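Novice: I'd like to go over a predicted model; first the sequence, then the structure.
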Number of protein chains: 2
Amino acid sequence: MRAAPTALLTDLYQLTMAQAYFELDMHDTAVFELFARKLPPTRRFLVAGGLEQALACIEQLSFPDADLEFLARLGGFSRGFLDHLRGVRFTGAVHAMPEGTPLFADEPLLRVTAPILEAQLLESRLLNICHFQTVIASKAARCVIAARGRRLVDFGLRRAHEADAALFAARAAYLAGFDATATVEAGRCFGIPLSGTLAHSFIEAHDSEEQAFSNFLRCSPVPTTLLIDTYDTQRAVDRVIALSAQLAARGEAAHLQAVRIDSGDLAREARAARSKLDAAGFPHIQIVASGGLDEWGVQALAAAGVPIDAFGIGTALDASTDAPALDMAYKLEAYAGTPRRKRSSGKATWPGAKQVYRERDAADRPLRDRIVLAQESAPGEALLVPVMERGERVGPRPELAAAREYCRCEVARLPGALRALEEGPAQYPVIVSASLQALARQLDLAH
Amino acid sequence: MRAAPTALLTDLYQLTMAQAYFELDMHDTAVFELFARKLPPTRRFLVAGGLEQALACIEQLSFPDADLEFLARLGGFSRGFLDHLRGVRFTGAVHAMPEGTPLFADEPLLRVTAPILEAQLLESRLLNICHFQTVIASKAARCVIAARGRRLVDFGLRRAHEADAALFAARAAYLAGFDATATVEAGRCFGIPLSGTLAHSFIEAHDSEEQAFSNFLRCSPVPTTLLIDTYDTQRAVDRVIALSAQLAARGEAAHLQAVRIDSGDLAREARAARSKLDAAGFPHIQIVASGGLDEWGVQALAAAGVPIDAFGIGTALDASTDAPALDMAYKLEAYAGTPRRKRSSGKATWPGAKQVYRERDAADRPLRDRIVLAQESAPGEALLVPVMERGERVGPRPELAAAREYCRCEVARLPGALRALEEGPAQYPVIVSASLQALARQLDLAH
């Protein structure tokens, strides 16, 4: 397991502002909300991710001596402020959408209500955590839609953005419906099923592909997948068939479970391999495809009925290559009981503590959302639920597998147009309540 | 400081293959090389990053009991193999390009020569480390070129891909010439200068912007930067001028060092602010710009002579949004003294242990590179140097600041066309030696 990053994993200005709040005796309650200002063109919805790690980060807020000594050495921080920091813990409340909830632009997925110094200190890292897992869960949900029930495995460790990204990409992908990950540590940390095959290097380290196949079958955990595209994919299929005949003769046919194709024209190679394997009497040998796949590639293969049983998705998933970042922010919405609003050009926010209500039809399918002031009520269910009060966790703590099942159901219930991969005008109706609009106008007049 | 990720931060198949190598008594020496197969359209060169962390990862290769117990619980691994893993350490050699070296497609930045089991176990994590810092250093180098000498600060923690990405993005950006980071922990871990201002929330938590400005000036470390775009940028400049007059009257003019503009038309707002500040007699107050900036935005502002003294670059840098991943691989090039070659469609590799020679003109400017077999010689300097022998580090270990200076000089010496930001045909000549081409042909005939 990993050591948690310290409270110094923050932007310098959070500490500078905290010192000013301290020196100015500004200890009133602030409300901050975390939300995406808009969605990338290729996202018709987002999937909330990272809440579990966000809450752990909030619980762990503290400044051990080593941190305070570093800040003292930096200069610019007063002794009084550093002494105060030593005692800082989170004492406030948190409301959040459960992980796996589909959401839309301007809808807060997390609301922090706490003395302003505490809430401010959390900004950078809460964004860092929730942004990343939301990016990945949203990308993964598209892959799940595209795969139409075929298995999906996270192969992305090597091109994830360093260690944590690999771990939390595996988690967020599983949350959004992936079946497994190749990243062993993610299996250990989060209980995600592990899946693995072999690499070209193993084949190449042998003088012949036949020898490599039979050696790997002999020494690897069963059932085994063989990689068949190192030299010539269809010649490799012939070798697999010969080997399978030997296995079958020994009653070990089940030891060879699948072949993996990692390059070339995946549709053509998979179809040809399927035909050969079926004709040879090995219909149980599955086909795994990988190699630069994203949701578009998966959709094309799945929609065309190409006989592929599982997809390995690497770079496109772990780096969310088409949308590696969201325009996500954590903004002050109220302080000392007064709603606040940023009016910066192109970045204006809706003021006040807010709630999101989701109205559904008789079949439980979402019809529309309403963003309202927290004290308002509206039809449907409130998506932000209390998860922390007075610095302590409250409410159920869903297991990752349960959150995954919740996500699967919720995404499946979205209107069909939202589940399309294409860029386009399909918009889910998100209504901003009249009271909220009136409040924003009123604050604009005040400045 | 952070705990290092364990050796289980790897793909499952590395362990499966390692078991097969062990069971098959395949203990001969393998040569693996790490390289980018091709460059993204908006990269005319890459900058090698991550070597320091890669070497630390190699030195730390080991499987403590907790790891072995987890693998035993997974099933599929033999007792004999797990006992062997307990004693595994890296005993081989590593050659690498120094961090900060500009490089091109197909050029190895790292070569591992070791018993195949050891070298194989390192694949996933070495890629994970070197890929990410190379992605960021390559992006950052473009920002440095675009900024034409203006200061650049990393603001990207919040949208970096989780904790490690924020830390190592700060490091890689500094390596490539950034001046500072806002990420406090990166300052502590790597000695990078820290820089910070204040956020809109501080302004909004006050009932008036005037009060917020004077409060922040009173309580924050000096010299201070004020954020001026929360409500109306030019009205905020008037407030800054009034405050500066008060400061000047007290002999504290230097306390207010800069203003930051984070939204709107940065060129227009900066020019208007500059005029007002100069006219009011405060030419020493600098202008910092941020808000969705990337190298293109910086280039447009710098080339137009907009009076901006420093740029904060966040999302575009830390997530390398236009090219969040490189087609980087770690491939077996030789085993047991025999060169190896993958021939997979579109992914064929150059076989054998290789070296890269860089030839320069009289002014030390790179003219062309040659990729040759390691035992060949060629004009110019060899870019891959020994950094580890028999599992121990050798050679100089450059400080980050020294690597940064090396990078600055090397990038500045690149042909002008390579330093353009645009997509385009500008190619640096990389010659593959005749011997290497002959070896590839010879291996192709053998299969």
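Specialist: Everything's here; your move.
Novice: Give me the packing partners of the lowest-mean-pLDDT helix or strand in chain A, helices and strands only.
Specialist: Ranking every helix and strand in chain A by mean pLDDT, DSSP states H and E puts helix A:434-446 at the bottom, with a mean of 90. Secondary-structure packing of helix A:434-446 (3 or more CB pairs under 8 Å, 6 or more residues apart in numbering or on different chains; DSSP states H and E): strand A:366-373. C-betas here are computed from N, CA, C, even on glycine.
Novice: Return the list of strands paired to whatever helix or strand comes next after the strand it packs on, each annotated with direction.
Specialist: Following strand A:366-373 in sequence order, the next helix or strand is strand A:381-382 (DSSP states H and E). If you go by DSSP bridges, strand A:381-382 pairs up with strand A:354-360 (antiparallel).
Novice: Kindly export the strand it pairs with (C-alpha atoms) in CSV.
Specialist: What follows is strand A:354-360, C-alpha atoms only, in CSV (Å, rounded to 0.1, in the frame of the first residue of the first chain):
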residue,chain,number,x,y,z
LYS,A,354,-26.9,24.0,-4.0
GLN,A,355,-28.6,20.7,-4.4
VAL,A,356,-29.3,18.7,-7.6
TYR,A,357,-32.6,16.9,-7.9
ARG,A,358,-33.1,14.2,-10.6
GLU,A,359,-36.6,13.5,-11.8
ARG,A,360,-37.3,10.1,-13.3
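Novice: Kindly calculate the angle that it makes with helix A:434-446.
Specialist: Calculated by axes from the mean of the first three to the mean of the last three CA atoms, to 10 degrees, strand A:354-360 forms an angle of 150 degrees with helix A:434-446.
Novice: and the angle from strand A:354-360 to strand A:366-373?
Specialist: Using the same axes, to 10 degrees: strand A:354-360 against strand A:366-373 is 160 degrees.
Novice: Pull out the buried positions in strand A:354-360.
Specialist: The neighbour-count check on strand A:354-360 (16 or more other CB atoms under 10 Å in any protein chain shown) flags A:K354, A:Q355, A:V356, A:Y357, A:R358 as buried.
Novice: How about stretch A:431-447?
Specialist: By 16+ other CB under 10 Å, the buried positions in stretch A:431-447 come out as A:S433, A:L436, A:L439, A:A440, A:L443.
Novice: top helix in chain A by residue count?
Specialist: helix A:123-147 (DSSP state H).
Novice: Please state the offset of that helix from the chain centre?
Specialist: In terms of CA atoms, centre = their mean, to the nearest Å, the centre of helix A:123-147 is found 3 Å from the chain centre.
Novice: go on, stretch A:325-340?
Specialist: Its chain's average C-alpha position is 23 Å from that of stretch A:325-340, according to CA atoms, centre = their mean.
Novice: Likewise for stretch A:214-222?
Specialist: 34 Å.
Novice: contacting residues around that stretch?
Specialist: The contact list for stretch A:214-222 (CB atoms under 8 Å, 6 or more residues apart in numbering or on different chains) reads A:198, A:202, A:206, A:224, A:226, A:243, A:247, A:254-257, B:16-17, B:19-20, B:23-24, B:75-77.
Novice: List only buried entries from those residues.
Specialist: A:198, A:202, A:206, A:224, A:226, A:243, A:247, A:255-257, B:16-17, B:19-20, B:23-24, B:76-77.
Novice: Next, check those residues against the helices and list the overlap.
Specialist: In this view, these that belong to helices under DSSP H are A:F202, A:L243, A:L247, B:T16, B:M17, B:Q19, B:A20, B:E23.
Novice: about what we covered before: and which of the buried residues of stretch A:431-447 is nearest A:A426?
Specialist: A:A426 has its nearest neighbour among those in A:S433, at 23.3 Å by CB to CB.
Novice: Report the contact partners of the closest one.
Specialist: Contacts of A:S433 (CB under 8 Å, 6+ apart): A:R370, A:I371, A:V372, A:L373, A:E376, A:A378.
Novice: try 7 Å this time
Specialist: Counting by CB atoms under 7 Å, 6 or more residues apart in numbering or on different chains, A:S433 makes contact with A:R370, A:I371, A:V372, A:L373, A:E376.
Novice: residue ranges for the strands of the stretch 151-300 of chain A, please.
Specialist: Along the stretch 151-300 of chain A, the segments classed as strands by DSSP state E, counting those that start in this stretch run A:151-154, A:180-181, A:224-227, A:256-261, A:286-289.
Novice: Can you report how many residues neighbour the nearest residue in space to A:L24 that is not next to it in sequence?
Specialist: Nearest non-adjacent residue to A:L24, counting by CB to CB, 6 or more residues apart in numbering or on different chains: B:N215, 5.5 Å away. B:N215 has 19 neighbours, counted by other CB atoms under 10 Å in any protein chain shown.
Novice: Point me to the residue of the stretch 201-350 of chain A nearest chain B.
Specialist: A:P221 (2.6 Å; CB to the nearest CB).
Novice: ends of stretch A:224-232, how far apart?
Specialist: One end of stretch A:224-232 sits 20 Å from the other (CA to CA, to the nearest Å).
Novice: Good, wrapping up.
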